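Asks: coords please:
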Amino acid sequence: MNAAIAYPPRLRRIALLTDRFVVGGGAEHIYQIARGMPEVEFGIFADGGDDTGRFENLLNVQLFRGGYAPQEVLGFKPDLIHVHHLRPLTRLFLNPLRRYRMPVYFTAHGMHIHQYEFLKGPLNMLKHRLRFQLERYLFHRVDKVVAVSREDCRFIETAYRVRGCEYIPNGIDCRGIENITLGKTALRRELALPENAWLFLTVARFPFQKGHDVLLEAVARIQQDLRERGVMFVLVGGMGQRFSEIQALAEALGVSDLVRFTGSRDDVYRFMKACDLLLLPSRWEGLPITLLEAAVCRLPMLVSDTYGNREIVTHR
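Replies: Numbers count the residues shown, from 1 in each chain. This is a model prediction of the structure:
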């Protein structure tokens with residue numbers, strides 16, 4: 001379970017705001033908050049998306065799919081507003097004169113300004129400057145900033161001069177994971193792979209952040225050795241434009257025979273129990289839930305040395 005968010009006492013209604021209802025660590029974080037506080041009524045606001053199944057089973061949750069305009073959020077009459085994405089936070093404070101009678105918290109699920117460490121050129125320099133100014137403005141408008149990793153917490157305090165950023169790590173509900181079983185042979189048959197294949201697993205969506213292109217380029221460099229050793233790569237994650245681009249890259253690099261794209265799955269733990277290694281080549285992270293899940297499943301991990309990852313995995 002997530003470490004308890006330090007909400008003020010005696011709250012009855014909390015508005016949770018995110019970008020969209022999509023698969024990812026932020027959505028899992030929100031789900032664990034609402035599930036872990038059944039005595040509180042939650043209104044969860046997002047601008048579309050279809051990953052709402054889990055929330056619909058929670059009796060203390062109302063879902064609002066039409067966005068997060070201030071008047072809509074205030075119509076829920078929350079005692080506190082807790083924002084989990086920069087877009088709804090920007091929407092709340094688009095009017096610099098607006099004040100709220102209830103506290104407003106913001107949780108940073110990774111600092112996406114880190115993308116400009118990889119994206120170069122004059123236009124990206126301008127985007128970096130504009131994003132920095134926006135985030136600094138927003139972080140000073142809220143009552144509390146929360147980070148899910150220690151490194152991001154220090155970064156927010158130092159770079160944006162935010163006092164008292166609170167570190168509250170991600171967590172998962174471990175109940176039931178031990179009871180999930182899937183033999184290694186069964187998964188290989190399901191994926192139409194040799195029964196003696198070594199399966200290296202990546203579980204992530206397909207944005208630039210997650211580094212699937214880095215993984216495939218590395219695979220291409222040693223592809224013949226991988227074939228001789230019977231190594232296959234299983235990529236579990238959602239669809240979208242970037243998904244198609246990564247599939248095309250695998251074809252262009254001549255490694256499509258080494259890669260299986262499964263699309264989104266709701267049985268990730270089955271894969272973790274049956275694969276041999278988890279790979280996470282991200283360019284940056286917050287505190288990746290995938291790594292916490294892999295640790296519970298006792299799956300060895302090989303990850304990029306970057307924000308978030310290195311707080312969970314130590315080099316050996």
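Asks: and the lengthiest helix in the chain, which residues are buried?
Replies: Taking DSSP state H as the criterion, the chain has its longest helix at helix 122-139. Under the neighbour-count criterion of 16 or more other CB atoms under 10 Å, helix 122-139 has 128, 135, 138-139 buried. To be clear about C-beta, it is placed using only N, CA and C from the backbone, and glycine gets the same treatment.
Asks: of those residues, closest to L226?
Replies: H128 (36.6 Å; CB to CB).
Asks: and L201, helix, strand or coil?
Replies: Judged by DSSP: H, G, I helix; E, B strand; the rest coil, the three-state class of L201 is strand.
Asks: so where do the strands sit in the stretch 51-200 of the chain?
Replies: 61-64, 80-83, 104-108, 144-147, 166-167, 198-203 (DSSP state E, counting those that start in this stretch).
Asks: Show me what the longest one is packed against.
Replies: On a contact count with 3 or more CB pairs under 8 Å, 6 or more residues apart in numbering; DSSP states H and E, strand 198-203 meets helix 184-190, strand 231-236, helix 268-274, strand 277-280.
Asks: one more time with 7 Å
Replies: strand 231-236, helix 268-274, strand 277-280 (3 or more CB pairs under 7 Å, 6 or more residues apart in numbering; DSSP states H and E).
Asks: Can I get those in TSV including mean pLDDT and mean neighbour count?
Replies: Listed next are the helices and strands packed on strand 198-203 as TSV, based on pLDDT from 0 to 100; neighbours: other CB atoms under 10 Å:
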stretch	mean pLDDT	mean neighbour count
strand 231-236	98	22
helix 268-274	93	21
strand 277-280	98	22
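Asks: and of the ones you listed, who's closest to E151?
Replies: strand 277-280 (16.0 Å).
Asks: Direction included, what does the closest one pair against?
Replies: For strand 277-280, the paired strands and their directions (DSSP bridges) are strand 198-203 (parallel), strand 301-303 (parallel).
Asks: Show me what the helix or strand following the first one packs onto, helices and strands only.
Replies: The helix or strand immediately downstream of strand 198-203 is helix 212-221, counting by DSSP states H and E. The helices and strands touching helix 212-221, judged by 3+ CB pairs under 7 Å, 6+ apart, are helix 241-252.
Asks: quick check: angle from the helix it packs on to strand 231-236?
Replies: Computed with axes from the mean of the first three to the mean of the last three CA atoms, to 10 degrees, the direction of helix 241-252 lies at 160 degrees from that of strand 231-236.
Asks: immediately after helix 241-252, which helix or strand?
Replies: Counting by DSSP H and E, what follows helix 241-252 is strand 259-263.
Asks: contact partners of that following strand?
Replies: Applying CB atoms under 7 Å, 6 or more residues apart in numbering, the contact partners of strand 259-263 are 191, 232-236, 239, 247, 250.
Asks: Including distance to T290, could those go into a markdown table?
Replies: Converted to a markdown table, the contacts of strand 259-263 look like this (distance: CB to CB, whole Å):
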| residue | distance to T290 |
| --- | --- |
| L191 | 19 |
| M232 | 19 |
| F233 | 15 |
| V234 | 13 |
| L235 | 12 |
| V236 | 9 |
| M239 | 18 |
| Q247 | 21 |
| A250 | 21 |
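Asks: and the two most separated of the residues you listed?
Replies: Every pair of these checked by CB to CB; the farthest is M232 and M239, at 21.0 Å.
Asks: how about the strands of the stretch 51-200 of the chain, which one is nearest M272?
Replies: strand 198-203 (6.7 Å).
Asks: Quick one: work out the angle between the closest one and helix 212-221.
Replies: 160 degrees.
Asks: Go through the contacts of strand 259-263 and name the one nearest A46.
Replies: M239 (18.4 Å).
Asks: number of nearby residues for the closest one?
Replies: 12 (other CB atoms under 10 Å).
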